[in-house]
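Colleague: Fold the following and give me the result.
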Amino acid sequence: LATSKRIDAAEKLLQHLGVRDHFHSCIGPENVTHPKPHPEPLLLTAERLGVAPAEMAYIGDMHFDVVAARDAGMRCVALTTGYASRAELESLEPEVVLDSLDEACAYLLGEG
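Modeller: Okay, the predicted model is just below:
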(Lines give C-alpha, C1' and ligand atoms only; values in the text may rest on other atoms or scores of the structure.)
Protein backbone atom coordinates (compact mmCIF):
# COMPACT_ATOMS: atom_id res chain seq x y z
CA LEU A 1 0.00 0.00 0.00
CA ALA A 2 1.32 3.42 -0.94
CA THR A 3 -0.83 6.03 0.73
CA SER A 4 -0.94 9.74 1.42
CA LYS A 5 -2.28 8.96 4.89
CA ARG A 6 0.05 8.65 7.83
CA ILE A 7 1.01 5.01 8.31
CA ASP A 8 -0.63 4.70 11.73
CA ALA A 9 -3.98 5.90 10.28
CA ALA A 10 -3.64 3.61 7.26
CA GLU A 11 -2.78 0.63 9.46
CA LYS A 12 -5.82 1.26 11.67
CA LEU A 13 -8.09 1.48 8.64
CA LEU A 14 -6.70 -1.73 7.13
CA GLN A 15 -7.13 -3.52 10.47
CA HIS A 16 -10.69 -2.21 10.81
CA LEU A 17 -11.53 -3.47 7.31
CA GLY A 18 -9.96 -6.84 8.13
CA VAL A 19 -7.53 -6.72 5.21
CA ARG A 20 -4.21 -5.77 6.82
CA ASP A 21 -2.78 -9.25 6.30
CA HIS A 22 -3.22 -8.82 2.53
CA PHE A 23 -0.67 -6.00 2.41
CA HIS A 24 3.04 -6.83 2.51
CA SER A 25 4.12 -3.25 3.07
CA CYS A 26 2.58 0.09 3.95
CA ILE A 27 4.32 3.23 2.66
CA GLY A 28 3.19 6.62 3.94
CA PRO A 29 4.50 10.16 3.57
CA GLU A 30 6.82 9.66 6.55
CA ASN A 31 8.75 7.00 4.57
CA VAL A 32 9.68 9.22 1.64
CA THR A 33 11.24 12.56 0.84
CA HIS A 34 8.72 13.29 -1.91
CA PRO A 35 5.10 12.16 -1.37
CA LYS A 36 2.58 11.62 -4.17
CA PRO A 37 2.17 12.92 -6.84
CA HIS A 38 5.91 12.21 -6.96
CA PRO A 39 6.49 8.55 -7.88
CA GLU A 40 8.83 7.90 -4.92
CA PRO A 41 6.20 6.18 -2.69
CA LEU A 42 5.21 3.81 -5.49
CA LEU A 43 8.81 3.10 -6.44
CA LEU A 44 9.65 2.33 -2.80
CA THR A 45 6.67 -0.02 -2.67
CA ALA A 46 7.91 -1.83 -5.78
CA GLU A 47 11.40 -2.06 -4.30
CA ARG A 48 10.11 -3.52 -1.02
CA LEU A 49 8.05 -6.07 -2.95
CA GLY A 50 10.97 -6.93 -5.25
CA VAL A 51 8.84 -6.30 -8.32
CA ALA A 52 9.65 -4.10 -11.31
CA PRO A 53 7.28 -1.10 -11.49
CA ALA A 54 6.31 -2.04 -15.06
CA GLU A 55 4.97 -5.34 -13.70
CA MET A 56 2.70 -3.62 -11.17
CA ALA A 57 -0.70 -1.98 -11.30
CA TYR A 58 -1.69 0.85 -9.02
CA ILE A 59 -5.31 1.51 -8.09
CA GLY A 60 -6.05 5.06 -7.00
CA ASP A 61 -8.93 7.50 -6.77
CA MET A 62 -7.19 10.87 -6.85
CA HIS A 63 -5.47 12.81 -9.59
CA PHE A 64 -2.12 12.55 -7.79
CA ASP A 65 -2.44 8.74 -7.77
CA VAL A 66 -2.66 8.67 -11.56
CA VAL A 67 0.30 11.04 -11.93
CA ALA A 68 2.44 9.06 -9.48
CA ALA A 69 1.65 5.71 -11.14
CA ARG A 70 2.30 7.07 -14.63
CA ASP A 71 5.61 8.64 -13.57
CA ALA A 72 6.61 5.42 -11.78
CA GLY A 73 6.00 3.43 -14.98
CA MET A 74 3.13 1.41 -13.51
CA ARG A 75 -0.23 0.51 -14.95
CA CYS A 76 -2.90 2.69 -13.39
CA VAL A 77 -6.54 1.95 -12.70
CA ALA A 78 -8.31 5.13 -11.63
CA LEU A 79 -11.47 4.97 -9.53
CA THR A 80 -14.25 7.55 -9.41
CA THR A 81 -14.68 6.89 -5.68
CA GLY A 82 -12.52 9.84 -4.54
CA TYR A 83 -12.74 13.56 -4.98
CA ALA A 84 -11.59 13.66 -8.61
CA SER A 85 -14.21 13.66 -11.33
CA ARG A 86 -14.28 11.07 -14.11
CA ALA A 87 -13.33 13.80 -16.59
CA GLU A 88 -10.35 14.89 -14.48
CA LEU A 89 -9.14 11.31 -14.12
CA GLU A 90 -9.61 10.57 -17.83
CA SER A 91 -7.66 13.71 -18.76
CA LEU A 92 -4.61 12.20 -17.02
CA GLU A 93 -4.84 9.13 -19.27
CA PRO A 94 -4.77 6.20 -16.84
CA GLU A 95 -5.14 2.76 -18.36
CA VAL A 96 -8.82 2.77 -17.42
CA VAL A 97 -11.29 4.68 -15.22
CA LEU A 98 -13.75 2.52 -13.28
CA ASP A 99 -16.45 3.12 -10.67
CA SER A 100 -15.57 0.65 -7.91
CA LEU A 101 -12.83 -1.44 -6.37
CA ASP A 102 -14.78 -4.56 -7.38
CA GLU A 103 -14.66 -3.43 -11.03
CA ALA A 104 -10.92 -2.70 -10.70
CA CYS A 105 -10.19 -6.15 -9.30
CA ALA A 106 -12.24 -7.84 -12.02
CA TYR A 107 -10.49 -5.74 -14.67
CA LEU A 108 -7.00 -6.59 -13.39
CA LEU A 109 -7.89 -10.27 -13.12
CA GLY A 110 -9.10 -10.24 -16.73
CA GLU A 111 -12.70 -10.75 -15.75
CA GLY A 112 -13.99 -7.31 -16.64
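
Colleague: now the helices: where do they sit in the protein?
Modeller: 7-17, 40-49, 63-72, 86-91, 101-108 (DSSP state H).

Colleague: list the helices and strands the third one packs on?
Modeller: Under the contact criterion of 3 or more CB pairs under 8 Å, 6 or more residues apart in numbering; DSSP states H and E, helix 63-72 touches helix 40-49, strand 57-60, strand 75-79, helix 86-91. All C-beta spots, glycine's among them, are computed from the backbone N, C-alpha and C.

Colleague: what's the angle from the longest one to helix 63-72?
Modeller: Okay, so that is helix 40-49. 60 degrees (axes from the mean of the first three to the mean of the last three CA atoms, to 10 degrees).

Colleague: Now do the same contact list for residue 16.
Modeller: Taking CB atoms under 8 Å, 6 or more residues apart in numbering, we find residue 16 in contact with no residue.

Colleague: which stretches of the chain have low pLDDT?
Modeller: Along the chain, the model assigns pLDDT under 70 to residues 112.

Colleague: picking up where we left off before, so which of the helices and strands packed on helix 63-72 is nearest residue 6?
Modeller: helix 40-49 (12.7 Å; CB to CB).

Colleague: got the angle between that closest one and strand 75-79?
Modeller: Going by the same axes, to 10 degrees, helix 40-49 makes 120 degrees with strand 75-79.

Colleague: Can you say which of the helices and strands packed on helix 63-72 is packed in most?
Modeller: strand 75-79 (a mean of 23; mean count of other CB atoms under 10 Å).

Colleague: before we move on, the earlier item: can you add distance to residue 13 and give the helices and strands packed on helix 63-72 back as a markdown table?
Modeller: Output for the helices and strands packed on helix 63-72, formatted as a markdown table (distance: least, CB to CB, whole Å):
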| stretch | distance to residue 13 |
| --- | --- |
| helix 40-49 | 17 |
| strand 57-60 | 15 |
| strand 75-79 | 16 |
| helix 86-91 | 22 |
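
Colleague: so how far does stretch 12-32 reach from one end to the other?
Modeller: Using CA to CA, to the nearest Å, the end-to-end distance of stretch 12-32 comes out at 20 Å.

Colleague: and what of stretch 29-42?
Modeller: 11 Å.
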